[in-house]
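[1] any chance you could fold what I've pasted below:
(one chain, ligands or ions: 1)
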Amino acid sequence: MTLLAKRSVIKEDKSNIITLGAIAKEEKKKDNSIVNATIGMLYDEEGKLFAFKSVDKALGLLTTDEKYAYASTPGSKEFHDALKHWVFREYYNEFKDKTAVMATPGGTGALSSTFANYANEGDKILVPSYMWGNYKQVAYENHQDFEAYSLFNKDGGFNIDDLKERCINLKKTQGRVLFVINDPCHNPTGYTMKDSEWDMVIDMMNELSSDGTPIVLLHDMAYLDFDSRGFDSTRRNIRKYQKLNDSAIVVMAFSGSKTFALYGVRIGAQIIVSNNKENIEDFNKANKFSARAKWSNTTNLGINLVTKILTDKELVKSFEDELAVSRKTLATRANTFIVESKKVGLKTLPFVCGFFITIPANNPEKAYEYLVKKKIHIIPMGNVLRVTISAISIAECKMLPKIIKEAIDATN
Ligand SMILES: Cc1ncc(COP(=O)(O)O)c(C=O)c1O
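    Take a look at the predicted model:
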């Protein structure tokens, strides 16, 4: 008989990514020729975990207190301001008083607190149909449910029609809507929304909230700084949030894991955008409460490290240069993979940029087993296979499509 509480009996982290990632890591320790394209971290061309030199340099400048003392729950004012400068860039002045920041352990903490505070118990949270699977667990942990909208329409663009229809239905049944968009570099497909698609999302939010219904967008921007188009287009789209009316808000989930390659430091943030002061005050109160109850405060190390990098002119400049190089490497890997895929007739889901490329498959588990025998580890999920191009070299990106095509043909 289990001693677990009722809702906990079914709790089991079945994430393929963590389990199969751990297997691939162990196998690679024994045989370095194994291709490990499983886990969403950035590796260099030699197969070593990528670390930004500027981030390492900033780490060396932190005092003992800055590293090891307790942090304040929301994070320091300096951290908030530094992050606002980073996220809003040239639009900082337009946004600084219409936004608030709450430090969280990674983007995951930001997702969890946002789910907890903007949807009621039992509510369905709208998530994309291809998704980072952890959204489902976060919803369950917060006593909530989820529903998926189709990410793609028949032309391979963002499916605003399906999203809108589901928002309208949830508005009727729940009296509020919380929906998630993961952009740019959507995990797992690498899809990145066009400017016009963002315009449609903003218009939809304003339309559905015009009668005072709370419409909340959780913008999961984990891969914000890996958009191959650079900073301009991501910030141009963020700028559109100013058009939202008082009942429509955006909470962004920022991930220090991805932007600064600080995966294990566990630093991220929720950032709210709203023209309404009360919304900002509510955000600060409720999310501080949740943070205190769940993790008390996140790492002082993460908060001060991010602040140091972003407030030191030289460090931020060299960080931006390094980021540009890693974005370029990712784009070269992606391009190599896509070109080879076309050559061998391997289909991929609509990809623009980012850490992952996804391939439709009828029997992804079988294809996974086939590939493991060929010393290739990628992730089977639902009806697709996910290849983590951030973790493999350009040479591996060239070699993989042919073998994956073989695996799919052999197991279909
Ligand atoms: C889409 C997406 N959102 C959020 C996260 C959360 O990352 P972290 O909690 O490390 O910031 C990840 C991590 O892989 C992700 O892929």
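[2] helix or strand for the residue most central in space within the chain, which one?
    The residue lying closest to the centre of the chain (Cα atoms, centre = their mean) is Ala222, at 3.1 Å. Applying DSSP states H and E as the criterion places Ala222 outside every helix and strand.
[3] how about stretch 397-412 as CSV, C-alpha atoms only?
    C-alpha atoms of stretch 397-412 as CSV (Å, rounded to 0.1, in the frame of the first residue of the first chain):
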residue,chain,number,x,y,z
CYS,A,397,24.5,17.2,-38.5
LYS,A,398,25.7,16.3,-41.9
MET,A,399,25.8,12.6,-41.2
LEU,A,400,22.6,12.1,-39.2
PRO,A,401,19.7,12.7,-41.7
LYS,A,402,20.7,9.7,-43.9
ILE,A,403,20.7,7.3,-41.0
ILE,A,404,17.5,8.7,-39.5
LYS,A,405,15.8,8.3,-42.8
GLU,A,406,17.0,4.7,-42.9
ALA,A,407,15.7,4.2,-39.3
ILE,A,408,12.3,5.7,-40.2
ASP,A,409,12.0,3.6,-43.4
ALA,A,410,12.9,0.4,-41.5
THR,A,411,10.4,1.0,-38.7
ASN,A,412,7.4,2.5,-40.5
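[4] can you list contacts of that stretch?
    Residues from elsewhere that reach stretch 397-412, judged by Cβ atoms under 8 Å, 6 or more residues apart in numbering: 35, 37, 333-334, 336-337, 340-341, 343-346, 359, 361-363, 366-367, 370-371, 374, 376, 378, 385, 387, 389, 392. Glycine gets a C-beta too; all of them are placed from N, C-alpha and C.
[5] give me the buried positions along it.
    397, 399-401, 403-408, 411 (16 or more other Cβ atoms under 10 Å).
[6] between those, which is closest to Leu170?
    Taking Cβ to Cβ as the measure, Leu170 lies nearest Ile408 of the buried residues of stretch 397-412, at 36.0 Å.
[7] chain center to the longest helix belonging to the chain, what's the gap?
    Secondary structure assigned by DSSP state H gives helix 313-344 as the longest helix of the chain. Per Cα atoms, centre = their mean, to the nearest Å, the displacement of helix 313-344 from the mean C-alpha position of its chain is 18 Å.
[8] can you check stretch 274-281 too?
    Using Cα atoms, centre = their mean, the offset of stretch 274-281 from its chain centre is 25 Å.
[9] quick one: buried residues of it?
    Result for stretch 274-281 [16+ other Cβ under 10 Å]: buried residues 274-275, 279-280.
[10] looking at the residues you listed, which are in helices?
    Among those, the ones falling in helices (DSSP H) are 279-280.
[11] lowest-confidence member of the buried residues of stretch 274-281, which is it?
    Within those, pLDDT reaches its minimum at Asn275, with 93.
[12] my read: that residue touches Thr99, true?
    No: at 10.3 Å, Asn275 does not count as touching Thr99 under the criterion of Cβ atoms under 8 Å.
[13] so which residues of the chain form strands?
    35-36, 99-104, 124-128, 145-149, 177-182, 215-220, 248-255, 268-273, 356-360, 376-377, 379-381, 384-388 (DSSP state E).
[14] before we move on, the earlier item: ok, so of the buried residues of stretch 274-281, who is nearest the ligand?
    Ser274 (22.1 Å; Cβ to the nearest ligand atom).
[15] before we move on, what's the pLDDT of the closest residue to that closest one other than its chain neighbours?
    Computed as Cβ to Cβ, 6 or more residues apart in numbering, the closest residue to Ser274 that is not its neighbour in sequence is Ile249, at 4.6 Å. Note for Ile249: predicted pLDDT of 97.
[16] cool, Phe356 as well?
    98.
[17] let me see the contact set for it.
    40, 185, 187-190, 386-390.
[18] with adjacent residues omitted, what lies nearest to Ser113?
    Ser290 (4.4 Å).
[19] also Tyr68?
    Spatially, and ignoring its direct neighbours in sequence, Tyr68 is nearest to Asn300 (6.8 Å; Cβ to Cβ, 6+ apart).
[20] cool, and Phe254?
    Nearest non-adjacent residue to Phe254, counting by Cβ to Cβ, 6+ apart: Ala269, 4.5 Å away.
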